[in-house]
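>>> Fold the following, please.
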Amino acid sequence: MSLHRIKAFSLNLAIFLVALLLLLSTGLTGQNRPFTLGQMIVQPGESVSGFLEVPAGVDPATQIPVTVINGQKPGRVLAAVAGIHPYEYPPILALYRIKEMIKPAELSGTLILVHIANLPAFQRRTIYYNPFDWKNLNRVFPGDLHGTQSQRIAAVLTREVVDRAEVLIDLHCGDGNEALIPYTYWMLSGDSQLDSVTREMAVVFGLKHIIIDNTRAQDLQNSKYLGNTAIVRKRPAITTESGYLGRVEEEAIAANVAGVLNVMKYFKMIPGQPRRQTDPVWVEKYEVIYSNHDGLFYPRAGMGDYVRAGEVVGIITDYHGNILEEQRAPFTGILLYIIGTPPCNKGEPLFEVGRVKD
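Now for the predicted structure:
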């Protein structure tokens with residue numbers, strides 16, 4: 001045998017062995033592998049609930065309630081996270097329903113359900129902020145294990161959920177003060193292949209309005225938002241909003257359930273074809289208007305209304321009822337959300353306007 005043929009044979013043998021190892025590592029016989037999350041070890045065909053532990057630091061320790069459903073067959077690892085803002089109840093309740101719906105024997109891959117990411121704030125019924133450090137959890141990712149409680153929660157979620165998952169859905173809705181129409185953020189990464197996958201995720205989740213979001217920071221050390229933390233780590237992720245004013249309404253819960261199941265179908269984790277949003281409304285630009293004052297906010301328009309550039313959307317008064325400022329639309333578009341309760345604080349959001357793409 002010539003030297004050339006020997007080299008070719010050796011190369012083909014090496015390629016074969018690598019392919020064989022890859023097949024074995026993903027389950028040549030169709031068998032999934034055990035999955036570890038925190039202290040939980042979940043065997044193929046099991047569903048296990050437990051807690052991710054957030055250690056004490058400058059303020060108290062806490063826990064994150066999670067469920068891991070490890071399918072009998074290999075497939076994607078998908079994380080669905082609710083309760084980053086814990087007054088947003090429909091996504092939280094949706095994940096408890098999904099926990100009961102998904103049977104490990106019918107699942108390909110692994111489903112991580114983070115039921116309530118911000119448990120201390122959930123227990124105290126606060127909007128936006130953690131009661132121990134008064135930080136917004138969805139502004140401190142990827143977090144810091146040596147920081148305050150919100151930063152430590154973010155660090156544990158980044159390490160145990162974002163870094164362990166292959167796909168992530170960050171589930172939100174209108175907080176206790178936000179009247180909000182359902183929509184999905186399609187976050188652009190600059191990676192065309194990744195953006196193609198996340199676009200499909202946004203479409204199959206099924207909400208009518210999809211925001212094309214190219215505003216998120218690309219900094220691994222200051223990704224701020226949970227969904228963006230996955231994106232900058234090259235993991236497909238979307239952020240969704242379905243529900244408003246902290247209400248527990250069946251329509252919003254069902255939309256979150258259907259959306260997660262559709263994404264799972266898209267990735268072939270469960271049987272069936274995903275239902276695509278056939279006529280999405282693409283929002284090409286959005287802007288959040290913040291309050292310049294402490295006081296009371298009086299809306300002059302409602303969620304989903306179209307407003308013209310310069311139109312008065314709401315009025316701020318002081319605590320004696322004196323008008324401080326008229327807040328106007330920055331451009332013509334749709335009101336994606338607007339504050340639906342009177343308190344407003346300097347630096348906090350009042351409303352968000354989105355410009356619909358032609």
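>>> so where's this structure uncertain?
In the predicted model of the chain, residues 1-29 satisfy pLDDT under 70.
>>> and if we set it to 50?
For the chain, residues meeting the criterion pLDDT under 50 lie at 3, 6-7, 11, 14-15, 17-28.
>>> and A79, what does it touch?
Residues in contact with A79 (C-beta atoms under 8 Å, 6 or more residues apart in numbering) are L111, I112, L113, V114, V161, V162, R164, A165, V167, L168, I169. In short, each C-beta sits where N, CA and C put it, glycine included.
>>> and it, that one's in a strand?
Yes: applying DSSP: H, G, I helix; E, B strand; the rest coil, one finds A79 inside a strand.
>>> would you list every one of the strands in the stretch 51-200 of the chain?
Ranges of strands within the stretch 51-200 of the chain are 62-70, 73-81, 108-114, 167-172, 178-180, 183-187, based on DSSP state E, counting those that start in this stretch.
>>> Could you dump those strands into JSON lines with distance to V156 added?
Converted to JSON lines, the strands of the stretch 51-200 of the chain look like this (distance: least, C-beta to C-beta, whole Å):
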{"stretch": "strand 62-70", "distance to V156": "7"}
{"stretch": "strand 73-81", "distance to V156": "12"}
{"stretch": "strand 108-114", "distance to V156": "10"}
{"stretch": "strand 167-172", "distance to V156": "15"}
{"stretch": "strand 178-180", "distance to V156": "27"}
{"stretch": "strand 183-187", "distance to V156": "22"}
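>>> how many neighbours does the closest residue to S291 other than its chain neighbours have?
Nearest residue to S291, sequence neighbours excluded (C-beta to C-beta, 6 or more residues apart in numbering): C344, at 4.5 Å. Applying other C-beta atoms under 10 Å, we find 25 residues neighbouring C344.
>>> who touches C344 in this structure?
By C-beta under 8 Å, 6+ apart, the neighbours of C344 are S291, H293, D294, G295, L296, F297, I316, L350.
>>> quick check, nearest of the contacts of A79 to A121?
Nearest to A121 among the contacts of A79: V114, at 14.1 Å, using C-beta to C-beta.
>>> what's the burial count for that closest one?
The burial count for V114: 25, using other C-beta under 10 Å.
>>> quick one, what contacts it?
By C-beta under 8 Å, 6+ apart, the contact set of V114 is I64, P65, V66, A79, A80, V81, A82, G83, L95, L157, V161.
>>> Could you pull up the residues touching the first one?
Each residue near I64 by C-beta under 8 Å, 6+ apart is listed here: F51, L52, V54, V114, I116, A117, L119, I153, V156, L157.
>>> looking at the sheet around the closest residue to K208 other than its chain neighbours, what are its partners?
Using C-beta to C-beta, 6+ apart and skipping residues adjacent in sequence, the residue nearest K208 is V281, 5.7 Å away. V281 has these beta-bridge partners by DSSP bridges: H209.
>>> try the one 4 residues further on
Beta-bridge pairing of K285 under DSSP bridges involves R355.
>>> Count the neighbours of it for me.
Here the number of neighbours of K285 (other C-beta under 10 Å) works out to 17.
>>> Touching, it and D358? I think so.
No: in this structure K285 lies outside contact range of D358 using C-beta atoms under 8 Å: 12.0 Å.
>>> contacting residues around stretch 299-318?
Counting contacts by C-beta under 8 Å, 6+ apart, the residues outside stretch 299-318 that touch it are 174, 179-181, 244, 289, 291-298, 323-340, 344, 350-351, 353.
>>> which of the residues in that stretch are buried?
Buried residues in stretch 299-318, defined by neighbour count with 16 or more other C-beta atoms under 10 Å: P299, A301, M303, V307, V313, G314, I315, I316, T317.
>>> thinking again about what came up before, any of the contacts of I64 buried? List them.
When the contacts of I64 are checked for burial by 16+ other C-beta under 10 Å, the buried set is L52, V54, V114, I116, A117, L119, I153, V156, L157.
>>> if we can go back for a sec, let me know the closest of the contacts of A79 to K224.
Closest to K224, out of all of the contacts of A79 and judged by C-beta to C-beta, is V162, at 13.1 Å.
>>> Pull the number of nearby residues for the closest one.
That count, for V162 with other C-beta under 10 Å as the rule, works out to 26.
>>> what residues are up against it?
Contacts for V162 (C-beta under 8 Å, 6+ apart) come out as A79, P142, L168, L226, T229, A230, R233, R235.
>>> how far away is the fifth one from I112?
Computed with C-beta to C-beta, to the nearest Å, the distance linking T229 and I112 is 15 Å.
>>> Show me which of the two is the more surrounded one.
Taking other C-beta under 10 Å, T229 and I112 do not tie; T229 has more neighbours (27 against 22).
>>> so the more buried one makes contact with F141?
Yes: using C-beta under 8 Å, T229 is in contact with F141, at 4.4 Å.
>>> Please parse this protein into its domains.
For the chain, automatic domain parsing gives the domain ranges 35-266, 284-356.
>>> Quick check: which of the ones you listed is buried the most?
The highest average neighbour count among these, using mean count of other C-beta atoms under 10 Å, belongs to domain 35-266 at a mean of 20.
>>> Distance of the closest residue to P271 other than its chain neighbours relative to M269?
Once flanking residues are discounted, P271 sits nearest to E106: 6.8 Å by C-beta to C-beta, 6+ apart. Using C-beta to C-beta, one gets 9 Å for the distance from E106 to M269.
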